[in-house]
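# Got a predicted structure plus its sequence, pasted below:
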Amino acid sequence: MNAIWMVLICLSVLFAVVNGSIGGFTQALFEAGKAAVEVCIYLLGIVSLWLGLTKILEDCGIIYKMSNFFRPVISLLFRNIPKGHPAVTNITLNLLANVLGIGNAATPLGIKAMEDLQTLNPKPDTVTFEMMLFIVINTASVQLIPFTVIGLLASYGSKNPNQVMLPTFIATIISAATAVVILYVFKVLNSRKP
């Protein structure tokens, strides 16, 4: 990957020199760096807010009530996870964070869920079906309210940043359902192998 970035940078400099626009290239370089820092600080605020709210919800016990509410769905999808195992709570929290569009805050919860799923793994050097299913659902990440995207659109001056909600929800539902179906198809095909 570093080689690809180096080639892209060298080509950019070369084209800037050939076109005589090295001044514009340098200005764009610094403006992009400034914009990157501003966006990172903005996203840091969003992630901090939602991680804090998640911690408050966890300390109040609301998270565990939400986990119990979604337990039938999680248990239906993840059939080999025993009742009461902490993986269910962390999977639920991760999926809820993704549904609310705070994927950055969902990352630590996803890592914890994978660690919990690993405790159920009889072959630690092999990925279980539940781990694959969680990765697929997590990657597809159904989003009801894409807060990060709405925040970025608002920060760049969009007049109606909420317009992305319905298309994002529909697209992520379709992608998640497709990914889960494909995973189950591969599971069935793999189980038929001699």
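All right, it came through fine. Numbering: from 1, shown residues only.
# which residues in this protein form helices?
Taking DSSP state H as the criterion, the chain carries its helices at 2-18, 22-60, 62-77, 86-99, 103-119, 129-140, 147-155, 165-191.
# Tabulate those (TSV), appending mean neighbour count.
Any C-beta I mention is one placed from the backbone N, CA and C, and that applies to glycine too. TSV is the format used below for these (neighbours: other Cβ atoms under 10 Å):
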stretch	mean neighbour count
helix 2-18	10
helix 22-60	12
helix 62-77	14
helix 86-99	22
helix 103-119	18
helix 129-140	18
helix 147-155	17
helix 165-191	13
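# With mean pLDDT added, can I get those helices in CSV?
Compiled in CSV, the helices of the chain are given as follows (pLDDT from 0 to 100):
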stretch, mean pLDDT
helix 2-18, 87
helix 22-60, 80
helix 62-77, 75
helix 86-99, 82
helix 103-119, 84
helix 129-140, 90
helix 147-155, 76
helix 165-191, 90
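# ok, so what distance separates residue 35 from residue 155?
10 Å (Cβ to Cβ, to the nearest Å).
# next one: residue 93
From residue 93 to residue 155 the distance is 27 Å (Cβ to Cβ).
# same question, residue 1
28 Å.
# got it, and residue 179?
Distance from residue 179 to residue 155, by Cβ to Cβ: 30 Å.
# Same question for residue 16.
Taken as Cβ to Cβ, the span from residue 16 to residue 155 is 28 Å.
# what do you get for residue 46?
Taken as Cβ to Cβ, the span from residue 46 to residue 155 is 10 Å.
# Could you do residue 94 as well?
In terms of Cβ to Cβ, residue 94 sits 26 Å off from residue 155.
# give me every residue that touches residue 91.
Contacts for residue 91 (Cβ atoms under 8 Å, 6 or more residues apart in numbering) come out as 74, 78, 113, 134.
# and what of residue 178?
Contacts for residue 178 (Cβ under 8 Å, 6+ apart) come out as residue 140.
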